[in-house]
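A.B. asks: got a sequence here, can you model it:
(2 chains)
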Amino acid sequence: MIDVREAITRAHRDEWARVVASLTRRFGDLDIAEEAAAEAFATAVARWPADGVPPNPGAWLTTTANRKAIDRIRRESRRDDKQREAQMVYDDDPPAPLGAIDDERLRLIFTCCHPALALETRVALTLRMVGGLTVAEIARAFLVQETAMAQRITRAKAKIKAARIPYRLPSAEDLPARVSGVLSVLFLVFNEGYLATGPDTDPVRQDLTSEAIRLTRLLHALMPDDGEVTGLLALMLLTEARRTARVSASGELVPLGEQDRGAWDATLVAEGHRLVRERLDTGLAPGRYQVLAAINAVHTSARDLRDTDWSQIVALYDQLVRIDPSPIVGLNRAIAVAELDGPEVALAIVDALEDDLAGYHAYHATRADLLRRQGRSQESRAAYDRAIELAGNTAETAYLARRRDQLG
Amino acid sequence: MQYLVSVIDDNAGLATPDEMAAIDAFNERLQAEGQWVFAGGLGSPSAATVIDNRAGEAVVTDGPFVESKEYLAGFWIIEAPDLDVALKLAAEGSKHCNRKIEVRPFL
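C.D. replies: Residues are numbered from 1 along each chain as shown, chains lettered A, B, ... in the order given. The predicted structure is shown next:
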């Protein structure tokens, strides 16, 4: 019984996107594909415990979902369009070979992450269609009502249909921009897990970080030569490796320098390092995610904060600024500069970012720390106060409050 | 599949001769590729008149049906197999007419 439940869980994890993708290709309709896939898995839950797990669960699920889709189309065509029935041919062929189906999943990913959809819609649609999360799970993840989330997904599917967003891989010319659109969806999911924004959620949402990693692994398996996909996967792995060390037993965020490095997940660190090296070996100019991954590789190579190669980190941030000259990158660069050239130099850089970042908690938290290190307690306290006001993450707020209260 | 490609203006005024020349060349290309259905520029919103005859008595009002900073300045109707192709053409159109553009499918 336990084995059957495990088999269903595994089939859901491994086969959901494949089933949705192949049905979408066949029926040209995401709605039908989604509903039929869900029905097929429900049928598996009902039947496998008695009938046993089929030898090829993926094929069983695809065939079952195909039948469910055809049933639905027949029902609907009887109701409103007799013509459509004639167009649908029942097809009980074995599923297409692996390679072709893998492409289908890529199409599904690119369709769900189409730039004509709003970012939050892309996130929801990708988690539902590719990730197989239920609408309730996605609604919980982003703290919105289930009905609102259901409506968001329904509207997205309707737009895809009405505007005819194609179920196709982007042209070579469009590929880099479209891949980067997919990566921003995956990174958003990961970040919401890594530093959850709500005051009423757990500070780290492992469900979201692991789902983001799972989907990025899938994308990496489908596009192994794309540098930025590799870079994002490495970045996520090197960040996830530190997850348990990042929050203390009392629920406080632990900054990098104070983390128990022995608690880092050595397997994830090794895998992340391997991916970063693989990209370095290509000798190709890295994109944003690859540079961020390289920065994290330097951090995770050091025995402690003092052992960290800060000049290497600042050099990588310089490279990142050239790719992405945003104030947030400038702020993170300043944090590294503080280790190399001291808090005074860093504070001057940070202060210059005030116009852009005055509403961002990390700006004030960074200032607070740099002022504290210079013994400017009163100014530091004011900066901590502002950072605490703006921070949404409970573990981060707890950490900032303790640092503030330790000021002399 | 047909798409309405609307040109959105925010008081940039009429197209300059350079913009007109670029739009003409673009139109000719759309026609040559079989993607042109119709295109036209519109008079300013102040030239618009609204008429409402729902109650059986035509009420005429001066001005556009909605006052806004941005308004429809012209449009194309194009033939494209899917949104990606339509967006590509619209991106070129936006460059040639030097204005923002909305792409909307016909039913």
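A.B. asks: CA only for contacts and neighbour counts going forward, please
C.D. replies: Noted.
A.B. asks: tell me which residue is most central in chain B.
C.D. replies: Per Cα atoms, centre = their mean, the C-alpha nearest to the average position across chain B is that of residue B:75, at 1.7 Å.
A.B. asks: all strands for chain B, in order.
C.D. replies: In chain B, the strands defined using DSSP state E lie at B:2-9, B:36-41, B:49-52, B:59-62, B:71-79, B:100-105.
A.B. asks: ok, the first one: who's next to it in the sheet?
C.D. replies: Listed by DSSP bridges, the sheet partners of strand B:2-9 and their directions read strand B:71-79 (antiparallel), strand B:100-105 (antiparallel).
A.B. asks: and those as JSON lines, adding mean pLDDT and distance to residue A:228?
C.D. replies: Shown next, in JSON lines, are the strands paired with strand B:2-9 (pLDDT from 0 to 100; distance: least, Cα to Cα, whole Å):
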{"stretch": "strand B:71-79", "mean pLDDT": "95", "distance to residue A:228": "35"}
{"stretch": "strand B:100-105", "mean pLDDT": "96", "distance to residue A:228": "30"}
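A.B. asks: residue A:287: which of those strands is closest?
C.D. replies: Closest to residue A:287 of the strands paired with strand B:2-9 is strand B:100-105 (Cα to Cα; 29.4 Å).
A.B. asks: residue numbers of chain B in contact with chain A?
C.D. replies: Residues of chain B lying close to chain A by Cα under 8 Å from any Cα of the partner chain are B:82-84, B:104-105, B:107.
A.B. asks: can you add distance to residue B:11 and give the residues you listed back as TSV?
C.D. replies: Converted to TSV, these look like this (distance: Cα to Cα, whole Å):
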residue	distance to residue B:11
B:82	31
B:83	28
B:84	29
B:104	22
B:105	26
B:107	30
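A.B. asks: what two of those residues are the furthest from one another?
C.D. replies: B:84 and B:107 (17.2 Å).
A.B. asks: so which of the two has more stuff around it?
C.D. replies: residue B:84 (21 against 8; other Cα atoms under 10 Å in any protein chain shown).
A.B. asks: you'd agree the more buried one is up against residue A:168?
C.D. replies: No: using Cα atoms under 8 Å, residue B:84 makes no contact with residue A:168, being 9.7 Å away.
A.B. asks: am I right that residue A:303 is in contact with residue A:259?
C.D. replies: No: judged on Cα under 8 Å, residue A:303 makes no contact with residue A:259 at a distance of 10.9 Å.
A.B. asks: the two: who's more crowded?
C.D. replies: Between residue A:303 and residue A:259, counted using other Cα under 10 Å, the more crowded position is residue A:259 (19 against 11).
A.B. asks: hang on, the earlier thing: return the most buried member of the strands of chain B.
C.D. replies: Using mean count of other Cα atoms under 10 Å in any protein chain shown, the stretch among these with the largest mean neighbour count is strand B:2-9, at a mean of 22.
A.B. asks: near residue A:260, how many other residues are there?
C.D. replies: 15.
A.B. asks: how about stretch A:320-333: buried residues?
C.D. replies: For stretch A:320-333, the neighbour count (16 or more other Cα atoms under 10 Å in any protein chain shown) marks A:320-321, A:327-328, A:330-333 as buried.
A.B. asks: just put those in JSON lines and tack on distance to chain B, pLDDT and secondary structure.
C.D. replies: Shown next, in JSON lines, are the buried residues of stretch A:320-333 (distance: Cα to the nearest Cα, whole Å; pLDDT from 0 to 100; DSSP: H, G, I helix; E, B strand; the rest coil):
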{"residue": "A:320", "distance to chain B": "29", "pLDDT": "96", "secondary structure": "helix"}
{"residue": "A:321", "distance to chain B": "29", "pLDDT": "96", "secondary structure": "helix"}
{"residue": "A:327", "distance to chain B": "28", "pLDDT": "94", "secondary structure": "helix"}
{"residue": "A:328", "distance to chain B": "29", "pLDDT": "93", "secondary structure": "helix"}
{"residue": "A:330", "distance to chain B": "32", "pLDDT": "96", "secondary structure": "helix"}
{"residue": "A:331", "distance to chain B": "34", "pLDDT": "96", "secondary structure": "helix"}
{"residue": "A:332", "distance to chain B": "35", "pLDDT": "95", "secondary structure": "helix"}
{"residue": "A:333", "distance to chain B": "36", "pLDDT": "97", "secondary structure": "helix"}
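A.B. asks: about what we covered before: of the strands paired with strand B:2-9, which is nearest residue A:126?
C.D. replies: strand B:100-105 (23.4 Å).
A.B. asks: just to revisit the earlier point, using JSON lines, please lay out the buried residues of stretch A:320-333 together with distance to residue A:185.
C.D. replies: Output for the buried residues of stretch A:320-333, formatted as JSON lines (distance: Cα to Cα, whole Å):
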{"residue": "A:320", "distance to residue A:185": "20"}
{"residue": "A:321", "distance to residue A:185": "22"}
{"residue": "A:327", "distance to residue A:185": "21"}
{"residue": "A:328", "distance to residue A:185": "19"}
{"residue": "A:330", "distance to residue A:185": "23"}
{"residue": "A:331", "distance to residue A:185": "23"}
{"residue": "A:332", "distance to residue A:185": "22"}
{"residue": "A:333", "distance to residue A:185": "24"}
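A.B. asks: need the contact list for residue 19.
C.D. replies: Since you didn't name a chain, this refers to chain A. A:33, A:37, A:58, A:61-62, A:65 (Cα atoms under 8 Å, 6 or more residues apart in numbering or on different chains).
A.B. asks: my bad, the chain I had in mind was chain B
C.D. replies: Counting by Cα under 8 Å, 6+ apart, residue B:19 has contacts B:96-98.
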